[in-house]
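K.L.:
this one's sequence-less:
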């Protein structure tokens, strides 16, 4: 059972006016929803998304499928699904599961796409200046009941921009400390980022961390929701998105620069994780 506890969809003509407004065209909100879901509920987006979608789980858990990836989205975790993607989720055994959704768009959103699709943690903290995101959601819901005049829409979209930043750049605030093991994981992630041109093995990562493969894999998955090698693979794809968007390198050159020995395998891996080929992704960014 799926209950829309709160729901606000901005009318199409208002969304269109935001596209023409210099203050809102770069980033604007389209729809806001708070869902309560009973266990084993299934929700599926069978057609490509027209907008970007922020999913924020405030209670419970659900199994999220994007393209060929399946990953758990649990309490205080979020994911942003790019437009043109399809997704499906099934709620776990915890009841009720609570989910906040924001549909949004804008001319500058594509520039942030490499930040999307990976499920990330948001650990609450009394010292965290962005921890109470729920208050910002409440502020948005409240103001959406006050009409769609220009001043109110400007306020709503600037508030939403702040909210989005607390998700996308959460790891850069310095306050979202995931757990006491986080420094080791963050150090390993930095190592991956510095060596994205190499073909690292699990043994390489274990040696760098100073822990056994078993312990490393357990802690890394607990913090990031991914195995070390899966995270490293997603990191490579994220880097390839940047290169496709910001350079004129050939796809083969991008593949080799990221440690792939076969451009065909890179394209296949990209298609699997992004749901679109590298060539189509590059063309899409030019639209």
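P.N.:
Ah, there it is. Everything quoted here is computed from the prediction, not taken from an experiment. Numbering: from 1, shown residues only.
K.L.:
wait, residue 70 touches residue 64, no?
P.N.:
Yes - with contacts counted by Cβ atoms under 8 Å, residue 70 reaches residue 64, the gap being 7.2 Å. Bear in mind the C-beta positions are built from the backbone N, C-alpha and C, glycine included.
K.L.:
can you tell me how far residue 141 is from residue 135?
P.N.:
11 Å (Cβ to Cβ, to the nearest Å).
K.L.:
compare neighbour counts for these two and give me the winner.
P.N.:
Set residue 141 next to residue 135 and count neighbours by other Cβ atoms under 10 Å: residue 141 wins out with 16 against 10.
K.L.:
what helix or strand does the more buried one sit in?
P.N.:
Assigning secondary structure by DSSP states H and E places residue 141 in helix 133-144.
K.L.:
averaged pLDDT, the following helix or strand past that helix. What do you get?
P.N.:
If you walk from helix 133-144 toward the C-terminus, the next helix or strand you reach (DSSP H and E) is helix 150-168. Here the mean pLDDT over helix 150-168 is 90, rounded to a whole number.
K.L.:
over to stretch 92-111?
P.N.:
Confidence over stretch 92-111, taken as the mean pLDDT, stands at 86.
K.L.:
stretch 259-273 now?
P.N.:
Averaged across stretch 259-273, pLDDT comes to 89.
K.L.:
sorry, back to before: okay, residue 70 and residue 64: which has more neighbours?
P.N.:
Neighbour totals were compared for residue 70 and residue 64, and residue 64 leads with 21 against 12 (other Cβ under 10 Å).
K.L.:
is that one in a helix, a strand, or coil?
P.N.:
For residue 64, the secondary structure call by DSSP: H, G, I helix; E, B strand; the rest coil comes out as strand.
K.L.:
tell me the contacts of it?
P.N.:
Under the criterion of Cβ atoms under 8 Å, 6 or more residues apart in numbering, the contact list for residue 64 reads 55, 70, 71, 72, 73, 79, 87, 88, 89, 119.
K.L.:
among the residues you listed, name the buried ones.
P.N.:
Judged by neighbour count, with 16 or more other Cβ atoms under 10 Å as the criterion, the buried members of the contacts of residue 64 are 55, 71, 73, 79, 87, 89, 119.
K.L.:
quick one: which of those residues sit in strands?
P.N.:
Among the buried ones among the contacts of residue 64, the members falling in strands (DSSP state E) are 55, 71, 73, 79, 87, 89.
K.L.:
one step back: now tabulate the contacts of residue 64 in a markdown table and tack on distance to residue 225 and pLDDT.
P.N.:
Written out in a markdown table, the entries for the contacts of residue 64 read as follows (distance: Cβ to Cβ, whole Å; pLDDT from 0 to 100):
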| residue | distance to residue 225 | pLDDT |
| --- | --- | --- |
| 55 | 13 | 92 |
| 70 | 11 | 83 |
| 71 | 6 | 84 |
| 72 | 6 | 86 |
| 73 | 8 | 87 |
| 79 | 10 | 86 |
| 87 | 16 | 88 |
| 88 | 17 | 89 |
| 89 | 14 | 88 |
| 119 | 5 | 66 |
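K.L.:
kindly reformat those as JSON lines containing distance to residue 272.
P.N.:
Formatted as JSON lines, the entries for the contacts of residue 64 read as follows, by distance: Cβ to Cβ, whole Å:
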{"residue": "55", "distance to residue 272": "21"}
{"residue": "70", "distance to residue 272": "12"}
{"residue": "71", "distance to residue 272": "14"}
{"residue": "72", "distance to residue 272": "19"}
{"residue": "73", "distance to residue 272": "20"}
{"residue": "79", "distance to residue 272": "17"}
{"residue": "87", "distance to residue 272": "15"}
{"residue": "88", "distance to residue 272": "16"}
{"residue": "89", "distance to residue 272": "19"}
{"residue": "119", "distance to residue 272": "17"}
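K.L.:
quick check, nearest of these to residue 218?
P.N.:
Distance ranking of the contacts of residue 64 against residue 218, using Cβ to Cβ, places residue 72 first at 15.3 Å.
K.L.:
element containing residue 236?
P.N.:
Using DSSP H and E, residue 236 sits within helix 228-246.
K.L.:
packing partners for that helix?
P.N.:
Contacting helix 228-246 under the criterion 3 or more Cβ pairs under 8 Å, 6 or more residues apart in numbering; DSSP states H and E are the following elements: helix 182-194, helix 202-209, helix 213-224, helix 251-257, helix 263-274, helix 278-285.
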